[in-house]
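Q: here's a sequence, model it:
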Amino acid sequence: MLPQLIAAFDEREPSLGSYLARVVANVGEPAIAPLRQALTHPRPDVRGGAAETLALIVPTPVNAIPDLLKLLSDDDIRVREAASGALAAIAADDPSSVIAALGDQNVAVRLGAASALKQMKSVPPRAAPILSTLLAGDASPEVRAASASALGKIGPEAATELPRLREALKSDPNVEVRVAAAETLGGLRQLALPALPELVAALEDRTRTRGDRVERHTFTAAARALEMIGWEAHVALPDLARHGTLSSGFGEDERARAVVKTIAQDLEARRSTIPESALEQAIRDLDTARATLGDRTPLEATLARAALQDELDKRPLAKAREVVAWLVTYPPLAAGLGYALLGSVLVFGALWLRPLWLLKVNDLVKSVSEVSLPWLGGVKLPLNKVLLVGFFAYHPRVLDAWVRAHVQTARRTFDRNPRAQARRVTWTFRSGSTASSRRSCRADRSCARRSATA
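A: Numbering: from 1, shown residues only. Sure thing, here's the model as predicted:
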């Protein structure tokens, strides 16, 4: 009965074929063998229908993968597409054989394998170098486009191939490849930030395509990628605003304004986490975009501009609150820092205005034993160091002040010293032609004038 049902697959009656495929798939494992045989049926609609039905069977018929790989080189494109779709479902858990097929000499097999990978929910990172090589150098634009799309299913690990994706978006001659590269870059989100120049430049590309039976073009793919990157794409706002004023009849201006709106909303939502320099640049970019769009500026962009400015204005207060919160969290350390700050102000003030005070206080407390500092884990220090005067007691400014305070007393004491008086030295000399002076000078260089005759 199963062979007859399988043979009834008819592309001219798609609804009937779809119904029969579900009926056969519900049979389960017993239907696998006849379906694999049907993959070599002379009629392409039967081969394609058998491939599609294999993808519906539970449990997954992994033993059919080799047969489906052979079908990737079928003469009929619809059969090849059906085999590629079946491989995407059946080989999803272990796509090793599909990845290996990327190196096949037959372009149809490479295309089928890449197409199967791009239809999977995820692709192992080990496929990235192979897909990147195909993107950069395969002669078939279909293979390059499918490879670019498949890279997007790898996830963040595909960022290692960012240079080739950027190059494909920038210079590949085929619009399908450029579109696929832009879509994959958008999927990488913030990891695609280095590609912002290429994405902004791609906004100028209005070439349209009907790949995968859906009309797409590079502008839309690039705009969507910028939208997915989010607030960090704010540098593109001026260019998007310019395109938002250019009506082409295909809705690019509306799409550009929609992306401006989305980026502005993301900026507003994440403003508290945006670094200050980036916040300032984003405000400038929004101002430029709003000036370009004029009365067509989305309301969200205006609101975001005001919110960003408010955030920027309160940043100093926020930093002050952070410091206060930190001090409250660690009170012993806060007390130590406060004491050090206040003590430093007092000590430097005394050093400038009353330097001798430092020496007097140091002499007064230096005999006191060490004291313990609980906010520093019980560290013991001499009291003069705790009061900070011990670090400045012998500062040159303090010593100079001490000398000035005691020099006259020292001179008077020296003059009364008998030994100094006994060693007084006297000499005479002529001053002018008729008069002379005799000076008696002591060892401390103070002199007493005495009158004398020549």
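
Q: what helix or strand is residue 372 on?
A: In this structure, residue 372 is located in strand 371-373 according to DSSP states H and E.

Q: which element follows that strand toward the C-terminus?
A: That would be, after strand 371-373 and using DSSP H and E, strand 379-381.

Q: which parts of that next one are buried?
A: By neighbour count on 16 or more other Cβ atoms under 10 Å, the buried set for strand 379-381 is empty. In this view, the C-beta of every residue, glycine as well, is placed from N, C-alpha and C.

Q: give me the spatial nearest neighbour of residue 288, chain neighbours excluded.
A: If the residues on either side of it in the chain are set aside, residue 288 comes closest to residue 238, at 4.4 Å by Cβ to Cβ, 6 or more residues apart in numbering.

Q: please read the previous query as pertaining to residue 141.
A: The shortest distance from residue 141 to any residue that is not its chain neighbour, by Cβ to Cβ, 6+ apart, is 3.7 Å, and that residue is residue 174.

Q: hang on, isn't the one you found packed against residue 145?
A: Yes: here residue 174 lies in contact with residue 145, judged by Cβ atoms under 8 Å, at a distance of 6.8 Å.

Q: who's more crowded, those two?
A: Set side by side, residue 174 and residue 145 show unequal neighbour counts under other Cβ atoms under 10 Å, the larger going to residue 145 at 29 against 17.

Q: hang on, that one in a strand?
A: No: with DSSP: H, G, I helix; E, B strand; the rest coil as the criterion, residue 145 is helix rather than part of a strand.

Q: wait, it touches residue 176, no?
A: Yes: with contacts defined as Cβ under 8 Å, residue 145 counts as touching residue 176 at a distance of 4.2 Å.

Q: the helices in the stretch 301-450 of the chain, which residues?
A: Chain-ordered helices for the stretch 301-450 of the chain, with DSSP state H, counting those that start in this stretch as the definition, fall at 315-329, 331-353, 355-365, 383-386, 396-415, 418-422.

Q: distance to residue 50 and mean pLDDT for these - can I get that in TSV?
A: Converted to TSV, those look like this (distance: least, Cβ to Cβ, whole Å; pLDDT from 0 to 100):
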stretch	distance to residue 50	mean pLDDT
helix 315-329	66	72
helix 331-353	75	79
helix 355-365	99	80
helix 383-386	91	74
helix 396-415	99	81
helix 418-422	127	74
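
Q: I'd like those helices as TSV, with mean neighbour count and distance to residue 205 appended.
A: Conversion of these to TSV gives the following (neighbours: other Cβ atoms under 10 Å; distance: least, Cβ to Cβ, whole Å):
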stretch	mean neighbour count	distance to residue 205
helix 315-329	10	39
helix 331-353	13	59
helix 355-365	17	75
helix 383-386	18	72
helix 396-415	12	73
helix 418-422	10	102
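
Q: reformat the ones you listed as CSV; add distance to residue 195.
A: Formatted as CSV, the helices of the stretch 301-450 of the chain follow (distance: least, Cβ to Cβ, whole Å):
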stretch, distance to residue 195
helix 315-329, 30
helix 331-353, 46
helix 355-365, 64
helix 383-386, 59
helix 396-415, 62
helix 418-422, 91
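
Q: much appreciated, bye for now.
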